[in-house]
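> Quick one: sequence plus predicted model below, questions after.
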Amino acid sequence: MSDSKFKNPIVAWIDYRLPVFSFMEHELHEYPTPKNLNYWWNFGSLAGIILVIMIVTGIVLAMHYTAHTAFAFDSVERIMRDVNYGWLIRYVHMNGASAFFIVVFIHIFRGMYFGSYKSPREILWILGVVILLIMMATAFLGYVLPWGQMSFWGATVITNLFSAIPIVGDSIVTLLWGGFSVDNPTLNRFFSLHYLLPFVLVGIVVLHIVALHQHGSNNPIGIDTKSPQDTIPFHPYYTVKDLFGLGVFLILFFGFVFFAPNFLGHPDNYIEANPLVTPPHIVPEWYFLPFYAILRSFTADALIYLPISWLMSAKLAGVLAMFASIMVLFILPWLDHSPVKSARFRPLYKQFFWLLIIDCIILGICGAKPAEAPWTYIAQAATAYYFLHFIVIIPLLGFFEKTKPLPTSISEPVLKGGGGSSSAASTKPMEKA
Amino acid sequence: MASSADTAGEGSHGDGDGETRRDFLMLATGAFGAFGAAAAAWPLIDQMNPAADTLAVSTTEVNLEPIKPGQRVLVKWQGKPVFIVRRTKAQIEAAGKVDLANLPDPETDAKRALKPEWLIVVGVCTHLGCIPSGTKHGELKGEFGGWFCPCHGSHYDTSGRIRKGPAPKNLPVPAYEFLSDKLVKIG
Ligand code: HEM
Ligand code: FES
């Protein structure tokens, strides 16, 4: 104990018995990080911070919220009008959900652009996709709680997706509802699960970080770190960079919270749920729009439905396609077998990457429009392209793309050949050299 | 494990017997454990199904007296809307004449209405559960004069049958009986 690396005797005493400080020292300070990470690497820690913000504001909201169909809407209005700072807490929670998705979508596309899902980070990537799925479930459940018209009809349409399952579909829907329509039992269980899932998320985020720290971060040029020359300690270099990014994020975020808190919401959700009147135009929250567009693309007369029309109804096809659009991410590490990670050295992949981004934006726009021509046709084409990208283009690129030569080390492009193997003599990390 | 028992069985009798008995015990224990886990899980799953009080309020009686020919009304049953239509002669005839071959979910009108004058259907779109418009005066009735679901564009005819759009099935006919000429019990 006397040779403890901690000077503070209390810290040393505790660490000898419960090595939390060693753990933090190891994971934050000693943890070697590629020295060339750019700002796209900010979004992981940002997502983690937003998760904490959501849990804190959510627990506080739950102190005033009533999960009963007769009181839910009014209890949220009471939070907005009467509870001290209730408006602030709710707007942070509401816009926090949107911010969470923006940040996580950017985080995912970052991974795609720089090939972060490739060996040895497949499980890290898969855990990320699981996080996305649980986030989507949590946000869907949460959106039902204020019990507005969009809450109610969103819940109705989404739970009805399960009725597309052959034979047992209707029983499953009744099981989900706990009745014969979305009603009080449904609201109650949704609240229970909405409270639970964020903590499941925390657990999976921990695994995600364990997997990350096993092999360390990928980096913009996508080649492994080879010598201490290529890395810097996470703290203070990236803690300060992450904090700067957080500051920028918070300015934008509170810009929304204070000046346009309902910009991303739908006014119909300020009308209390009415089980006997469907609003003429129902739309999900913006982060579900691309998936909603894929769901609606499968109609009986759609070209993309023809090849499978003998196998299943258009309704089931739409539901399966919507889930498949996320499931395909699970196998992305194996669909893409190009040995080169970063798009910087993959001229063709880089272009297809941007096409995919455009495709997703088009899907999002179609999801917001009513289901009529020309939007249905645009959505169908965009859906076809989405799957084409993953199932056909990505695997083919692995065979046919001519990639650019890779630098030999992360330091090489900076030091003009001074880094990498030649300087292996310097065993100390950069910052001490 | 089974394979090691097999090879051992070939070599010496005694050993082989012991191994297969152990295999059997392992399998039996595993099966028992799995059954027990499923039995323990079932109450935790089934609690989500409709509770007794929810099931108890499952029928609704409707007085048909005030409904005029051609009028449509909406009543609530099991938390869901039910459309009741007193159909005119012309509407009944039109619904009966439809060629079944043209229907995505073929059903005769006669099968869907106990008494042709009264059409009673659950007003929940069979696509994803929105309420089709057309019951209230002035609402869109769709291309076939029945109902139109605004959510993803499904058209139903005057028999509540799906004619066009993503919905796969006709509007379901709930169980109902006429308690008297002017009183119907739904459920
Ligand atoms: C992954 C983290 C979370 C996400 C993405 C999320 C998302 C949402 C969303 C989208 C709403 C609807 C906001 C509105 O339109 O009013 C909501 C409401 C709510 N959430 Fe969360 N939430 C999260 C975590 C939590 C946690 C941990 C709790 C703790 C109990 C919680 C409690 C509530 C309550 C009580 C409401 C209803 C009040 C309201 O509508 O503002 N949330 N949530
Ligand atoms: S719910 Fe009626 S068309 Fe989709």
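Alright, I've got the coordinates. Ligands and ions are numbered 1, 2, ... in the order given.

> rest of the way, CA atoms for contacts and neighbours
Will do.

> Residue B:80 contacts residue B:121, correct?
No - in this structure residue B:80 lies outside contact range of residue B:121 using Cα atoms under 8 Å: 10.8 Å.

> Where does the prediction get shaky in chain B?
B:1-18, B:57 (pLDDT under 70).

> hmm, 50 instead?
Within chain B, the segments meeting pLDDT under 50 span B:1-12, B:14.

> circling back: of residue B:80 and residue B:121, who's got more company?
residue B:121 (24 against 20; other Cα atoms under 10 Å in any protein chain shown).

> and that one, backbone torsions?
The phi and psi values for residue B:121, taken as degrees, to the nearest 10, are phi -140, psi 150.

> likewise residue B:73?
The phi/psi pair for residue B:73 (degrees, to the nearest 10) reads phi -130, psi 160.

> residue contacts, it?
Applying Cα atoms under 8 Å, 6 or more residues apart in numbering or on different chains to residue B:73 gives the contacts B:67, B:83, B:84, B:85, B:135, B:136.

> Leaving aside the residues adjacent along the chain, what's closest to the residue sitting nearest the centre point of chain A?
Geometric centre of chain A, nearest residue: residue A:104, 3.5 Å, by Cα atoms, centre = their mean. Take residue A:104 and drop its neighbours on the chain: the residue closest to it by Cα to Cα, 6 or more residues apart in numbering or on different chains is residue A:47, 6.3 Å away.

> need the residues of chain B near ligand 2, please.
Proximity of chain B to ligand 2, by Cα under 6 Å from any ligand atom, involves residues B:125, B:127, B:128, B:129, B:130, B:149, B:151, B:152, B:153, B:154, B:166, B:167.

> Turn the contacts of residue B:73 into a markdown table, including secondary structure.
Shown next, in a markdown table, are those (DSSP: H, G, I helix; E, B strand; the rest coil):
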| residue | secondary structure |
| --- | --- |
| B:67 | coil |
| B:83 | strand |
| B:84 | strand |
| B:85 | strand |
| B:135 | coil |
| B:136 | coil |
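
> I'd like those residues as CSV, with distance to residue B:143 and neighbour count appended.
Listed next are the contacts of residue B:73 as CSV, based on distance: Cα to Cα, whole Å; neighbours: other Cα atoms under 10 Å in any protein chain shown:
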residue, distance to residue B:143, neighbour count
B:67, 25, 14
B:83, 18, 22
B:84, 20, 21
B:85, 18, 23
B:135, 15, 21
B:136, 16, 12
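
> If we only consider those, which is nearest to residue A:292?
Nearest to residue A:292 among these, counting by Cα to Cα, is residue B:135 at 27.5 Å.

> thought that closest one was touching residue B:83?
Yes - counting by Cα under 8 Å, residue B:83 is a contact partner of residue B:135 at 7.1 Å.

> Touching both of the two, which residues are there?
Common neighbours of residue B:135 and residue B:83 (Cα under 8 Å, 6+ apart) are B:72, B:73, B:74.

> still on that earlier bit, is it true that the residue nearest to the centre of chain A lies in a strand?
No - read with three-state DSSP, residue A:104 is helix and lies in no strand.

> What pLDDT does the model give it?
pLDDT, residue A:104: 98.

> from the middle of its chain, how far away would the helix or strand that residue A:46 is a member of be?
Assigned by DSSP states H and E, residue A:46 falls within helix A:43-62. Centroid separation for helix A:43-62 versus its chain: 13 Å, with Cα atoms, centre = their mean, to the nearest Å.

> what sits up against it?
Against helix A:43-62 from outside (Cα under 8 Å, 6+ apart): A:79, A:86, A:89-90, A:92-93, A:96-97, A:99-100, A:103-104, A:106-107, A:195, A:198, A:205, A:242, A:245-246.

> Out of those, list just those in helices.
Cross-referencing these against helices under DSSP state H gives A:79, A:86, A:89-90, A:92-93, A:96-97, A:99-100, A:103-104, A:106-107, A:195, A:198, A:205, A:242, A:245-246.
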